[in-house]
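Chemist: Kindly return the folded structure for what I paste below:
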Amino acid sequence: MPDSAPETRSDWALRRLRAAILTGEFPPGTRLRAEELARRWQVSPTPLREAFQRLGGARLVEASPQRGVRVAEFTLDEAADLYALRLRLEPPALGESLLASDGAHRAEITAAYDRLASVRAVDEAADAHVAFHAALLARCPSAWTRHVAGLLGEHAQRYVLLGVQKLRTGPGPVAEHALLRDTALAGDVARATTLLEEHLRRTLDSVHRALAARDG
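Modeler: Numbers count the residues shown, from 1 in each chain. Here you go, the predicted structure:
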């Protein structure tokens with residue numbers, strides 16, 4: 001099997017900046033200056049400006065003539081809206097994906113889970129979490145559904161920055177991901193979609209509890 005292509009400076013800048021946003025190194029509202037980051041990370045400003053554009057398309061950064069480029073704001077209200085949308089979109093997409101599943105898809109799910117279970121660094125865990133959910137939906141026939149689900153999943157990583165993970169109930173994400181893997185590999189469509197709905201709903205419920213505590 002051929003080696004993967006070496007990482008370009010643009011790819012590195014995108015990965016590094018994305019990780020800084022998802023892990024909270026750069027909190028929501030942080031001003032991003034290409035020249036400043038270039039000195040800090042010892043790269044040229046050009047790949048960083050390219051990263052700004054690409055992350056703007058994913059709505060992780062916002063640009064305006066008055067305020068420059070900033071990390072997009074993310075609130076509990078937005079988290080609640082995001083997870084409500086994921087609940088409407090992802091369980092049906094998983095059902096369609098599993099109905100079209102094959103050996104290659106099962107291998108993809110297994111590899112994605114193994115990576116998720118093995119990583120420890122926060123930025124790598126965020127990537128692996130998004131990749132596992134993407135693998136589950138990989139055979140959904142709608143490319144737009146897969147694309148939108150990926151964007152929502154990426155944004156969802158930021159909810160941990162709001163401190164609501166500790167409010168989550170249930171067996172925990174690790175056990176829930178293992179169950180999702182097992183039922184998906186078994187081709188149990190009804191059980192897998194129910195588990196995914198419960199998995200997402202527990203997070204949404206934790207956000208609602210955080211909202212109630214904030215507003216109370």
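
Chemist: Which strand or helix spans the residue sitting nearest the centre point of the chain?
Modeler: The C-alpha lying nearest the average C-alpha coordinate of the chain belongs to residue 154 (Cα atoms, centre = their mean; 2.5 Å). Following DSSP states H and E, one finds residue 154 within helix 143-156.

Chemist: and if you look at residue 176?
Modeler: Here residue 176 is covered by helix 173-186, with elements defined by DSSP H and E.

Chemist: Is residue 171 located within a strand, as I assumed?
Modeler: No. Using DSSP: H, G, I helix; E, B strand; the rest coil, the assignment for residue 171 is coil, not a strand.

Chemist: Neighbours of it, how many?
Modeler: Counted with other Cβ atoms under 10 Å, the neighbours of residue 171 add up to 12. Where you see a C-beta, it was placed from the backbone N, CA and C, and this is true even at glycine.

Chemist: Quick one, grab the pLDDT at it.
Modeler: Per-residue pLDDT puts residue 171 at 72.

Chemist: mind listing what it touches?
Modeler: Residues near residue 171 by Cβ atoms under 8 Å, 6 or more residues apart in numbering: none.

Chemist: Apply 10 Å and report the result again.
Modeler: Contacts for residue 171 (Cβ atoms under 10 Å, 6 or more residues apart in numbering) come out as 178, 179, 198, 199, 202.

Chemist: quick one, the longest helix along the chain and helix 143-156 angle?
Modeler: If you go by DSSP state H, the chain has its longest helix at helix 189-215. Angle of helix 189-215 versus helix 143-156, following axes from the mean of the first three to the mean of the last three Cα atoms, to 10 degrees, is 40 degrees.

Chemist: May I see the buried residues of helix 189-215?
Modeler: 189, 192-193, 195-197, 199-208, 210-211 (16 or more other Cβ atoms under 10 Å).

Chemist: cool, and stretch 54-70?
Modeler: By 16+ other Cβ under 10 Å, the buried positions in stretch 54-70 come out as 54, 55, 60, 61, 62, 69, 70.

Chemist: Flag the shaky bits of this protein, pLDDT-wise.
Modeler: For the chain, applying pLDDT under 70 flags the ranges 1-6, 122, 160-167, 216.

Chemist: Would you state the strands of the chain in chain order?
Modeler: Remark: strands assigned in the chain by DSSP state E are 31-32, 61-64, 68-71.

Chemist: Please look at residue 98 and residue 188 and confirm they touch.
Modeler: Yes. If you go by Cβ atoms under 10 Å, residue 98 and residue 188 touch, sitting 8.1 Å apart.

Chemist: Mind splitting the chain into its structural domains?
Modeler: Using automatic domain parsing, the domain ranges for the chain come out as 9-71, 76-215.

Chemist: Compute the distance from the centre of the shortest one to the centre of its chain.
Modeler: Translated: domain 9-71. 17 Å (Cα atoms, centre = their mean, to the nearest Å).

Chemist: that older thread, ok, of the buried residues of stretch 54-70, which one's closest to residue 36?
Modeler: Nearest to residue 36 among the buried residues of stretch 54-70, counting by Cβ to Cβ, is residue 69 at 11.1 Å.

Chemist: In contact with residue 146, which residues are there?
Modeler: By Cβ under 10 Å, 6+ apart, the neighbours of residue 146 are 93, 97, 134, 137, 138, 139, 140.

Chemist: Selecting buried members of those in ChimeraX, what would you type?
Modeler: The ChimeraX selection below is limited to those of the contacts of residue 146 classed as buried (16+ other Cβ under 10 Å):
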select :93,97,134,137,138,139,140
